[in-house]
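Turn this into a structure:
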Amino acid sequence: MNGGAMDRAKGKAKEMLGRITGDDRRRTAGRADQVRGGLRGAAGSAREKAKGVRDSLRNQRNQRNQRNR
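From the prediction side, this is the model:
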């Protein structure tokens, strides 16, 4: 489980515990953890896509260089 998914799961548990016990702070903290997890997941996805684009551009450049030799 990556960091984002772990934060979302932890946040969901905190939110449910807060609802059951009537603890608004815990419920709010759980929601914040879920948002943090979503942001981490989105950042990880963007990072992976950027790496893919970078690798693709490198491959294209290397292929052009090999043809020009």
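
For the longest helix along the chain, give the mean pLDDT please.
Scanning the chain for the helix with the most residues, using DSSP state H, yields helix 24-67. If you average the pLDDT over helix 24-67, you get 91.

Packing partners of that helix?
In terms of contacts (3 or more CB pairs under 8 Å, 6 or more residues apart in numbering; DSSP states H and E), helix 24-67 is packed against helix 3-21. (Each C-beta comes from the backbone N, C-alpha and C, glycine too.)

so how far is the helix it packs on off the chain centroid?
How far helix 3-21 lies from its chain's middle: 16 Å, per CA atoms, centre = their mean, to the nearest Å.

Quick check: buried residues in it?
For helix 3-21, a neighbour-count test (16 or more other CB atoms under 10 Å) marks 4, 7-8, 10-11, 14-15, 18 as buried.

Sort out which one of the residues you listed lies nearest residue 46 for me.
residue 4 (11.8 Å; CB to CB).

And the closest one, how far from residue 52?
Separation of residue 4 from residue 52 (CB to CB, to the nearest Å): 19 Å.

cool, and residue 16?
From residue 16 to residue 52 the distance is 37 Å (CB to CB).

Now do the same contact list for residue 16.
Taking CB atoms under 8 Å, 6 or more residues apart in numbering as the criterion, residue 16 is in contact with residue 30.

try 10 Å
Neighbouring residues of residue 16 by CB atoms under 10 Å, 6 or more residues apart in numbering: 26-27, 30.

What sits closest to the most centrally placed residue in the chain if chain neighbours are left out?
Closest to where the C-alpha atoms of the chain average out (CA atoms, centre = their mean) is residue 41, at 1.2 Å. Nearest non-adjacent residue to residue 41, counting by CB to CB, 6 or more residues apart in numbering: residue 4, 3.2 Å away.
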